[in-house]
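# here is the input, now give the coordinates:
(chains A and B)
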Amino acid sequence: MDNRNSIKAISVFFSALFVCMMVYMCNFVYHNEQEMINNSYNSRSEILLSKNYRGTIYAASGEVLAETELDSAGNETRVYPYSNLFSHSIGYSTNGRMGVEAFCNYYLINSNLNLTEKVSNSTLGLKNPGDSVYTTFDVSIQEAADKALGIYNGAIIMTDVKTGKILAMVSKPNFDPNQIVTLWSDLVEDTESSVLLNRATQGLYPPGSTFKIVTALEYIRQNPDSYSDYSYNCNGIFKKDDCRIQCYHGMTHGKVSFTKSFAKSCNSSFANIGTGLDMNSFADTLEDLLFNQELPYNATLYSKSSVNVSEEMTTDDIMQTSIGQGKTLMTPLHLNMITAAIANNGEMMTPYMVDRVESVDGRVIKTYKPKSNGQVMTEEEARILQELMTAVVESGTASKLQGYGYTAAGKTGSAEYNSNSDSHAWFTGFAPVENPQVAVTVILECAGSGGDYAVPMARRVFDAYFESVN
Amino acid sequence: MQEYITTVSKYLLPLCMGFYAFECFSILFNKKESDRGFLYLRQNFWMFAIQFISFVNLALVSRDKQYIYMYVLVQLLLLTIVLIPVLVYRKINRFLLNNMAMLMGIGLVMLCRLSIEKAQRQFIIMVVSLIISMFVPLIVEKVKILHKLTWIYATVGLLLLSVVLLLSESTLGAKITYTISGLTFQPSEFVKILFIFFVAGALWEDHSFKRVCITTVIAALHVLVLVLSTDLGGALIFFVAYLAMLFVATNNVLYLLAGALAGSGAAVVAYHLFSHIKVRVLAWQDPWSYIDGKGYQITQSLFAIGSGSWFGMGLYSGNPDDIPLVEADFIFSSICEEYGVIFAVCFILMIVTCFLMMMEIAIRQHNNFYRLVSLGIGVVYIFQIFLTVGGGIKFIPLTGVTLPFISYGGSSILSTMLMFFILQGISIINMKEGGKRRVRRKRKVSKEIIEVELGENSSGEEDSGEKNGEKVGQS
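As a prediction, this is how the structure comes out:
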C-alpha cells in the first residue's frame, strides 16, 4: 500500500500543466502586445493618449508627413502638411486609423522620452510627446507619382528591389486627411469611387498582359532547353476547340519567336503557349509566387490575389488565364513584388514602409530590417525574364521608355474589364537594367492601352527616382 | 516626484515578487525545518515590501486618503495571520501560512483598487473566516471519528447541492447561490470539502471493485447535480478531484484511464446537450469573431493582459473595469494588466509551490484517510487556479470560477481558508509524529551506542565510558 509515487505523478502532472500555461501566456504577450493596444475595442490606447500626444511621422529624408500641433490651451490638432499626397499611405488617426497611423499606432502613442523630462512635463501638467516614426517614403518621388496619375483613378507603387522599401505609394481618388472629420460621412456613404480604398494594396484588377511574365516563366520552367526555339505564326486570332483569342485591337504579328511574342505582347501566341502547359506544375509556380495566399506584408490592409489554375480547366479558361484575363485578379502591390523579385535575381523581398522608430530625444526604439521572402525563382530564370522585359522596352510595347539616360525593362498590360474592349492600362518594370535598383508598377483605370498610357507615367516616376539619387 | 515613484515601482514590484517566489522554492527544496526559519522571515519581508509599494502607488495615483487607512488595516490583518497561528499552534506549517497571507494581501490590494467598498467587505469576511478557521487544526487533530462519517458527508453534500438546484436564483446563467437573510452563499464551495472527506472516507481502507463502483456512482451524482445547475467549473473541479483521489487510493492507472475516457465522453455529450457550453467553446476558439457578444469578456481580458505587457501599466493606471466581472472571475487579468506579466508569472510560481507543499504533506502523512484528504484539497486548489487563470488567458474555455483568496466572494474565501487550515491540522500531525519518531530513533541509536561502549568498557577503563555516555545523552 504505497501510493506515494501516484501522488508524485500527480504533482508532476500539474506542475507540467502550469509550465505550459505560463509559456502560453508569455508567448501571447510577446507576439500580441501591439495588436491588443491597437484594437479599437480596447480602451487602453485612450489612457496612453491622456498621457502622451501622438508622435510625428517623417519621410525618409526628414520631411514631416504628420504631426500633432498643440495650441496654448493644450488642444491637439493632427496636421498633415502634404494634404492629399500621402492620404492612403500615411492615413489618418481619427474615425478609425489607416496606413502608417494604424501600423505604428502603438509607437506613436507610447513615449520613450527620458525620465527626467517626463518628470518635468508631469510637474508642469504637460503631456509627453509620442515616439517618432521614420518612413521609407521619398517626397519627390511620391509627388512625381501623384502628378503622373493626374486625374486618372488608379495607383502607382515604387519599391527598392534589394530591400523591399516602399519609396512611393499613391492611390487615386484620394482625400485630405486634415479634413477627415468633416469628410467622413461623404467618404463612407460614397460607394462608387471607393475613395478610402488603397488601390495600390487593396485594389484587385485583372492583370492583363502583365500576367504573361508568369506564363513565360512557367513555359521556361517546362521547356528549359527548347523555349528559345519557340516559334508561332500569328494571324491575329488563335482558335482551339471552338474557343478563340484575338490580339489587342485585332493586330497581326506574323511569325514570332518567344522573345518577340513577349515583347509585342502577342495574345494568340501566348494562348498557344498556355494550351501546351502542364496545369499542375503551373499551379505550383503560382503558389510559389503567392497567388491565392497571404502576402508577407503587414503594413497596411491588402487583398489577396486570386487565380484559378487546375487540370479541370476548360480550353477557354486556359487561354484566357494565359493572357491575364478570365477570373484572375491581382493587386498592384503583388505585381510589384514579383517584378522586384525578377529584378533582384529571383529573391523576393518583403515590402515595408517604416524604417525605424525613435524617441523624441533620438534614441532608436525599433528598427525594421529588410526581410527576404526567399528565392521564388532561380537566378537563371530571373535573368531570362529580365532579358524578355528588356526586349519589351527595346523593341516592343514599352518603347516610350527609350532614350532617357537610364535603361529600363518591364511589361505592359491592357486589361479588358468589360465586353466593349475598354481597358485598364498597366505597366510594371524596373531600372536600370544593368544593376536593377527600383521596381515601379502603374495602373490607370479605364485609360486605354498600357503602352500608350501607363508607360509614360512610369517614366516620370523613374525620372524622379534618378533625379533624387543623383 | 510621483512619476519617479511610479516608474521605479513598475520594476521594483516584479523584482520583489521574483524574490518572494525564489524564497518559496528555497523553502521547498530545503527539507530541514531548522534551516527554514530565516527563509520564512525573508518571505514576510518581501510580502510587506510589495504591500508597501502597492499602497504607496494606489494612494499617490488616486489621491484618495482612504488608501492610507486601508493600508494600516490590511497590514494588521497580515501581521495577525503570520503571527497568531504560530503562537497558538507551535508546529504549524509556516510556508502555507505565509503564502496564504501573501495571496490575501495581493487580493486585498487588487480589490481596493477596483472598489474600496468591496475591499472592506472582503476584509471583514477574511477576519471572520480566520477566527472560524483557527479551530480547524484542533478538530483535525483531536476528533477521531472524522473518517467514519463517510455517508453523512455524501448525504449532506448532495442535499445542499440539490437545494441550490431547486430553490436558488440563477446568477448569470448559473444556478449556484442561495440567499438566507441577506447573506448569499455558494454552497458548492463548501460541498467541495464535504466531497473530499466523503471520497477519502469511502476509499481509505477498502478499495475493492464493488466499493469503487458505489463511490463512483455517488461522486457522479454530485457532478450531475452541478452540471444541471449549470455550474460547469464546479462540476469539473469535483470530477478531477475524484479522479485524482481514486487513482491514489487504488494505485491503479486503469481507473485513471477509464475515468478520463468517461469524462471526455461526458464532455462531448454535454457539449451537444447544453447550448451554454457550446457558446463557451465557440468563444474560446475564436473570440475575435464574437467580440461584441459572447467573446466580449475573453477579448477584454486579453486586452488587459496584452496592454499590461511585461511590467504592467502601473497600479491605478489601467482600465481593468472594462472586463465584466473583473473582481470575481477575471481578477488575474487585472493583476496582469497593472502589475505586469512578469509579476503574474512569479505569482503563479508561488501558487505552484503551495500545491507542491500540499503534496508533500500528503506524502508525509501516514494515515491514509488524511493522506487522501490532503491530496484532494491540493488537487481542488490547483485545478481551480488552472481553470480561472487558463480561462482568462484563453488557454482553455472559460468556466467562471474564482481565484482562491484573491477573488471577491465570501464563500470562496471561507472555504479556501478552511481547506488550508485542514491541511495545517494534517501537517501538525505530521510534525508531531515525525518528531516522536525522530526521538524514538535517537533513543534507539543512543541505547545501542551505550551498549557497545559498555561492552567495550567491561574489559577496559570505566571513566571514558561514562564520558561517552554523557555526550550521547546530551545530544
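
# switch to C-alpha atoms for all contacts and neighbour counts from now on
Will do.

# need the residues of chain B near chain A, please.
Proximity of chain B to chain A (CA under 8 Å from any CA of the partner chain) is limited to residues B:1-4, B:244, B:247-249, B:251, B:300, B:302-303, B:305-307, B:309-310, B:317-319, B:322, B:341, B:345, B:352, B:355-356, B:359, B:362-363, B:375, B:382, B:386, B:390, B:393, B:395.

# swap the cut-off to 6 Å and go again
Counting by CA under 6 Å from any CA of the partner chain, chain B comes close to chain A at B:3, B:248, B:251, B:303, B:306-307, B:309, B:363.

# which pair of the residues you listed spans the longest distance?
The largest separation in those, counting by CA to CA, is between B:E3 and B:N251 at 58.0 Å.

# how about low-confidence regions in chain B?
Regions of chain B meeting the criterion pLDDT under 70 cover residues B:168-184, B:435, B:437-475.

# ok, which stretches of it are strands?
Per DSSP state E, chain B carries strands over the ranges B:178-180, B:183-185.

# from the stretch 251-400 of chain B, which residue is nearest to chain A?
B:G306 (4.6 Å; CA to the nearest CA).

# find the nearest non-adjacent residue to that residue, please.
Excluding its sequence neighbours, the residue lying closest to B:G306 (CA to CA, 6 or more residues apart in numbering or on different chains) is A:E33, at 4.6 Å.

# sorry, back to before: ok, the residue of the stretch 251-400 of chain B closest to chain A - how many residues close by?
29 (other CA atoms under 10 Å in any protein chain shown).

# sorry, back to before: quick check, nearest of the residues of chain B next to chain A to A:Q375?
Closest to A:Q375, out of all of the residues of chain B next to chain A and judged by CA to CA, is B:G306, at 35.4 Å.

# give the contact list for that closest one.
A:29, A:33, A:36 (CA atoms under 6 Å, 6 or more residues apart in numbering or on different chains).

# compare the residues you listed and tell me which is most surrounded.
Counting by other CA under 10 Å, top hit in the contacts of B:G306: A:M36 with 25 neighbours.

# list the buried residues of the helix or strand hosting that one.
Assessed by DSSP states H and E, A:M36 sits inside helix A:4-38. The neighbour-count check on helix A:4-38 (16 or more other CA atoms under 10 Å in any protein chain shown) flags A:4, A:6-8, A:10-11, A:14-15, A:18, A:21-22, A:24-26, A:28-29, A:32-38 as buried.

# again with stretch A:418-437
Buried residues in stretch A:418-437 (16+ other CA under 10 Å): A:422-433, A:436-437.

# out of these, which one sits closest to A:G55?
A:Q437 (31.5 Å).

# how much space separates the closest one from chain B?
40 Å (CA to the nearest CA, to the nearest Å).

# for that residue, give me phi and psi.
The phi and psi torsions at A:Q437 (degrees, to the nearest 10) take the values phi -120, psi -40.

# go ahead and flag the most central residue of the chain.
As the question left the chain open, I've gone with chain A. Nearest residue to the geometric centre of chain A (CA atoms, centre = their mean): A:L333, 2.4 Å.

# switch to chain B, please.
B:Y381 (4.4 Å).

# what residue in chain A comes nearest to chain B?
For chain A, CA to the nearest CA, closest residue to chain B: A:E33, 4.6 Å.

# contact partners for B:S415?
B:189-190.

# which residues touch stretch B:258-265?
Outside stretch B:258-265, no residue touches it (CA under 6 Å, 6+ apart).

# so how far is A:L108 from the closest residue to A:K51 other than its chain neighbours?
Spatial nearest neighbour of A:K51, excluding adjacent residues (CA to CA, 6+ apart): A:K127 at 5.3 Å. According to CA to CA, to the nearest Å, A:K127 and A:L108 sit 13 Å apart.
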